[in-house]
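Undergrad: Give the three-dimensional model of this entry:
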Amino acid sequence: MAVVLVAVGLLFTVKTKAAAFTGNGAPSGAHYNLNIIGVFKDKTALMDSNSGHRIFVPLTGKIKINLLPGTGFAVLDANGTDGNGATFSLPNPDPDNDGVTTYTVWARALGKPGGTSTTTPCAYLDGVEYCSTSNVVLVREKGKSSFTNVTSQLLYVYVDLDGDGVEERYPLFDPALQDYFWSYDNNGLKLAQFRFYMSE
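TA: Below is the predicted model:
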């Protein structure tokens, strides 16, 4: 059984229609599928402007998946093994920062049992890196692998920027921070699968 462990962030809501769920735990309906594939050997092929739905990362180690705002979902650089990270484009999830997202994200661990990964949203302010206190931990265990809703953990950075001891919530691409990315720390997970469902 695949287990998804998540650090709980601040309260938020997700605007979705009442949806049926599939046997793997994900909602039914149209979605964008992103596979993050752990590989033993670095890739050498040019993978910029790549339209595939996958990103290659080292089987062990930490990389950046740089995030760019877009009108849809697209892998712009699939090679996360070449030292400069991968690049993924996705829409602004919460333009008003009211806790209501325009899409949801679901995740599960696949591949050979035993691997884990941690995905943490991060960004910069005046050259200083800030990473969220909330993240997504995927654990691949034996048996069936099911999706879990990871919207709040993946689309927001929870951090105390003003130093008042209270964390603020910043959705991806909020102008308070710059150069958003996911810090992907892999420990033997061969396949992390993320699904993005637009809200209605």
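
Undergrad: Identify the residue spatially nearest to the residue positioned nearest the centre of the chain, adjacent ones excluded.
TA: By Cα atoms, centre = their mean, the chain has its centre lying nearest to residue 154, at 4.8 Å. Excluding the flanking residues, the one nearest residue 154 by Cβ to Cβ, 6 or more residues apart in numbering is residue 105, at 5.0 Å. All C-beta spots, glycine's among them, are computed from the backbone N, C-alpha and C.

Undergrad: which residues does that neighbour contact?
TA: Residues near residue 105 by Cβ atoms under 8 Å, 6 or more residues apart in numbering: 149, 150, 151, 154, 155, 194, 195, 196, 197.

Undergrad: beta partners for it?
TA: residue 196 (DSSP bridges).

Undergrad: Helices of the chain, residue ranges please.
TA: Using DSSP state H, the helices of the chain run over 151-154.

Undergrad: any idea how far the residue located most distally from the centre of the chain is from residue 175?
TA: Computed with Cα atoms, centre = their mean, the residue of the chain farthest from its C-alpha average is residue 164, at 27.8 Å. To residue 175, residue 164 is 20 Å away according to Cβ to Cβ, to the nearest Å.

Undergrad: so where is this protein shaky, pLDDT-wise?
TA: Scanning the chain with the threshold set as pLDDT under 70 gives 1-23, 44-51, 200.

Undergrad: number of nearby residues for the residue lying closest to residue 140 once chain neighbours are set aside?
TA: Closest residue to residue 140 apart from its sequence neighbours, by Cβ to Cβ, 6+ apart: residue 109 at 3.9 Å. For residue 109, the count of nearby residues is 25 (other Cβ atoms under 10 Å).

Undergrad: With the one 4 residues further on instead?
TA: Other residues near residue 113 come to 15 when the count uses other Cβ under 10 Å.

Undergrad: got it, and residue 83?
TA: Quick note: residue 83 (other Cβ under 10 Å) scores 8 neighbours.
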